[in-house]
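Participant: Sequence plus the predicted model coming up.
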Amino acid sequence: MSRRHSKAAVASAAASTEGLVVGSHGRHCIVETPDGQRRICHPRGKKSQAVVGDHVLWQPPPPGQGEEGTIEKVLERRNLLYRQDEIRTKTFAANIDQVLVLIAAEPVFSESQLARALIAAEDAGITPIIALNKYDLEEPFAMAWQRLEAYRGILNADGSARYPIIPLNLTSDDPEQKEALMDLLQGKRSFVLGPSGVGKSTLDAARLLFGPDSPLVPGAQAATNEISRVLNTGKHTTTTTSLYWMDEARSTAIIDSPGFQEFGLYHIAATDLPKCMPDIGALADQCKFYNCTHLHEPGCAVMAEVDNEGSPHYIHPNRYRIYAELFEELNAGFKY
């Protein structure tokens with residue numbers, strides 16, 4: 001690097017300001033400054049990609065060169081949630097405290113999609129929570145709640161639920177529901193993840209929690225709408241990811257994203273799958289063979305506990321079926 005370029009790089013770093021990415025619209029981002037101001041920015045270079053939740057160093061444009069800032073550097077992340085299939089990688093968000101996997105009693109949710117979302121969260125080291133929406137639909141909700149039995153039985157070492165499951169009705173103003181949600185979300189950045197068509201609306205959830213008069217909920221929506229107008233995204237704003245602060249102190253946030261129809265896990269090796277399925281992983285190192293796939297080997301500790309009711313290490317047949325299907329899928333994917 002020449003001396004002139006070296007000085008320019010030092011000057012660029014010195015002029016950069018730290019900010020938080022609170023919106024993602026394709027390659028454009030919305031960066032929030034420590035005092036709450038928001039600015040449209042784009043990453044420098046084609047390979048640099050910031051996502052919602054990233055802490056970045058950014059620079060305003062030189063005088064007379066527009067209004068868009070430039071993201072100079074993405075600071076170190078503590079986690080990153082994403083999915084990957086044969087064709088593309090979809091990054092959701094970074095530096096999040098928990099994932100709220102939102103499913104609905106109707107239409108009937110896919111247990112495979114639910115399991116995939118939980119596995120992605122486990123792989124990223126992020127706490128997952130399952131929320132079942134539409135408890136006002138009595139019979140469909142009861143059936144859906146029963147289908148979640150396999151997940152209620154998965155416990156941490158201290159006996160607490162690995163996957164807390166909460167009933168929801170986002171169209172209700174039930175005070176008990178609000179209190180339960182507040183206990184889960186307060187002081188955290190929560191990413192709302194769900195399949196398309198479950199009635200997922202982060203702003204509905206925010207209004208349920210903090211009331212329609214919350215000064216930040218409508219303000220956040222107005223800011224998003226204005227930036228969408230500037231970027232000419234119009235009615236396609238549902239394809240974006242946005243962070244909404246829910247309190248004046250900016251300590252509690254909900255991150256919204258588009259619903260998904262498929263959830264690829266090609267970034268996870270088939271042999272690492274037990275690490276992301278706690279009920280399987282708890283027994284994986286007790287098998288006769290160190291390289292057991294838990295599919296057909298003799299002396300497999302995992303297979304011995306499938307549908308073994310009454311055992312403290314009981315594995316639900318549906319969970320094992322999903323494991324076997326995913327193992328074959330991921331194992332085949334890594335051959336190409």
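Facilitator: Received it, and whenever you're ready, just let me know what you need. Numbering: from 1, shown residues only.
Participant: so after the one helix or strand residue 101 maps to, what's the next helix or strand?
Facilitator: Using DSSP states H and E, residue 101 falls within strand 98-104. Note on strand 98-104: by DSSP H and E, the next helix or strand toward the C-terminus is helix 111-124.
Participant: For that following helix, give the mean pLDDT please.
Facilitator: When pLDDT is averaged over helix 111-124, the result is 95.
Participant: remind me, longest helix of the protein?
Facilitator: If you go by DSSP state H, the chain has its longest helix at helix 317-333.
Participant: about what we covered before: and the angle for the strand holding residue 101 with helix 111-124?
Facilitator: Between the axes of strand 98-104 and helix 111-124, defined by axes from the mean of the first three to the mean of the last three CA atoms, to 10 degrees, the angle is 180 degrees.
Participant: Show me what strand 98-104 packs onto, helices and strands only.
Facilitator: helix 111-124, strand 127-133, helix 175-185, strand 189-193 (3 or more CB pairs under 8 Å, 6 or more residues apart in numbering; DSSP states H and E). (Glycine included, C-beta is placed from N, CA and C.)
Participant: if we can go back for a sec, okay, buried residues for the longest helix of the chain please.
Facilitator: Residues of helix 317-333 classed as buried: 318, 319, 320, 322, 323, 324, 326, 327, 330, 333 (neighbour count, 16 or more other CB atoms under 10 Å).
Participant: so the third one touches residue 306, yeah?
Facilitator: Going back to what we said before, that points to residue 320. Yes: counting by CB atoms under 8 Å, residue 320 touches residue 306, with 4.6 Å between them.
Participant: so residue 25 touches residue 52, yeah?
Facilitator: No: the pair residue 25 / residue 52 is not scored as a contact, 10.3 Å apart, by CB under 8 Å.
Participant: The two: which has the busier surroundings?
Facilitator: residue 52 (27 against 21; other CB atoms under 10 Å).
Participant: Just give me the neighbour total for residue 144.
Facilitator: Residue 144, neighbours per other CB under 10 Å, totals 21.
Participant: now the angle from the helix or strand encompassing it to helix 317-333?
Facilitator: For residue 144, the element it lies in under DSSP H and E is helix 138-147. Interaxial angle, helix 138-147 versus helix 317-333 (the same axes, to 10 degrees): 70 degrees.
Participant: quick one: helix 138-147 to strand 127-133, angle?
Facilitator: 160 degrees.
Participant: buried set for the helix or strand that comes right after helix 138-147?
Facilitator: Downstream of helix 138-147, the first helix or strand assigned by DSSP H and E is helix 149-152. Residues of helix 149-152 classed as buried: 150, 151 (neighbour count, 16+ other CB under 10 Å).
Participant: One more: stretch 24-37?
Facilitator: So, applying 16+ other CB under 10 Å, buried residues of stretch 24-37: 24, 25, 28, 29, 30, 31, 32.
Participant: what lines up beside the longest strand along the chain in the sheet?
Facilitator: Using DSSP state E, we find that the single longest strand of the chain is strand 17-25. Note on strand 17-25: by DSSP bridges, its sheet partners are strand 28-32 (antiparallel), strand 55-59 (antiparallel), strand 241-245 (antiparallel).
Participant: In CSV, could you pull the C-alpha coordinates for that strand?
Facilitator: Extracted C-alpha coordinates of strand 17-25, given in CSV (Å, rounded to 0.1, in the frame of the first residue of the first chain):
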residue,chain,number,x,y,z
THR,A,17,-18.8,6.4,13.5
GLU,A,18,-20.2,3.4,15.2
GLY,A,19,-23.8,2.5,14.5
LEU,A,20,-26.4,-0.2,14.7
VAL,A,21,-28.0,-1.8,11.6
VAL,A,22,-31.8,-1.6,12.2
GLY,A,23,-33.0,-2.3,8.7
SER,A,24,-32.0,-4.2,5.6
HIS,A,25,-33.4,-3.6,2.1
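Participant: Would you mind pulling the contact partners of it?
Facilitator: Contact partners of strand 17-25, identified using CB atoms under 8 Å, 6 or more residues apart in numbering, comprise 29-34, 38-39, 41, 50-60, 71, 75, 224, 227-228, 231, 233, 237, 240-243.
Participant: now it, how far from the centre of its chain.
Facilitator: How far strand 17-25 lies from its chain's middle: 17 Å, per CA atoms, centre = their mean, to the nearest Å.
Participant: one step back: check which helices and strands the helix holding residue 144 sits against.
Facilitator: Judged by 3+ CB pairs under 8 Å, 6+ apart, helix 138-147 is in contact with strand 127-133.
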